[in-house]
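Undergrad: return a 3D structure for these sequence lines:
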Amino acid sequence: MKNWWKYLSILLLFYTVYFGFKGTVPELDILEQSIRNLYFHVPMWFAMMLLMFVSMCYSILYLSKQQIDADIKAAAFAKVGFFFGFLGIITGAVWARATWGAWWVFQEVKLNGAAAALLIYAAYFILRGSFDDEEKKARFSAVYSIFAFTMFMVLINVIPRISNSSLHPGNGGNPGFNSYDLDSDLRMVFYPAVIGWILLSLWITTLIIRIEKVYRKKHQLDIL
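TA: Presented below is the predicted three-dimensional model:
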């Protein structure tokens, strides 16, 4: 069955939502019931990082092969990655409100880094929109995409880990979730959630790629 992975993503996300709200979770200090956000916030960030990485790979492919198809895919993966990053910011703010008492903690280096990373990718889309020539758009966008992903990883993975001001688990000297007792009940939902959100992000990306190709084909026909 060709589209089996799409049905799997739907099944896993239904599973995630149901057991995410109805399943049992360990009694953890500070986190308490907000630990359920682990099934949403963290997998969305995983999906975002994967999509941004693939976008960069297609950008490198475009620079080496000069194939417009690679540029279309690079842009599509970046768009969906940006969307999942925005969802990650929203779910992260909800989690911050429940655990830290504020929607946004300005002293938290990872939150600020995530916001800065999304702004860098927002500039990527602005850059693409500033060119009418498709070849120039693709070339400059590909170069910027490599820079954007590099800065993205530095801002959300490198700086928070070496900073002493980060409140995130696993950053700034804080213990990761394994030390917070990521027990079997959490794992049984968390791992399927990661797979489900990633598959959904890939599904959305394939749709955007198809739409973009149809639009470009129609645009070419209109010109002729």
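Undergrad: helix, strand or coil: sort out the nearest residue to L38 once chain neighbours are set aside for me.
TA: Take L38 and drop its neighbours on the chain: the residue closest to it by CB to CB, 6 or more residues apart in numbering is F190, 5.9 Å away. Every C-beta, even on glycine, is put in place using the N, C-alpha and C of the backbone. Counting by DSSP: H, G, I helix; E, B strand; the rest coil, the backbone at F190 sits in helix.
Undergrad: equivalent analysis for G101, please.
TA: coil.
Undergrad: again, but for E212
TA: Secondary structure state of E212, per three-state DSSP, is helix.
Undergrad: what is the neighbour count of the residue nearest to L38?
TA: F190 has 18 neighbours, counted by other CB atoms under 10 Å.
Undergrad: and if you look at Y215?
TA: Y215 has 11 neighbours, counted by other CB under 10 Å.
Undergrad: can you tell me how far it is from I72?
TA: According to CB to CB, to the nearest Å, Y215 and I72 sit 10 Å apart.
Undergrad: by mean pLDDT, flag the weakest helix or strand of this protein.
TA: None of the helices or strands of the chain scores lower by mean pLDDT, DSSP states H and E than helix 159-162, at a mean of 76.
Undergrad: quick one: low-confidence ranges for the chain?
TA: Where the chain drops to pLDDT under 70, the residues are 1, 26, 28-31, 163-183, 220-224.
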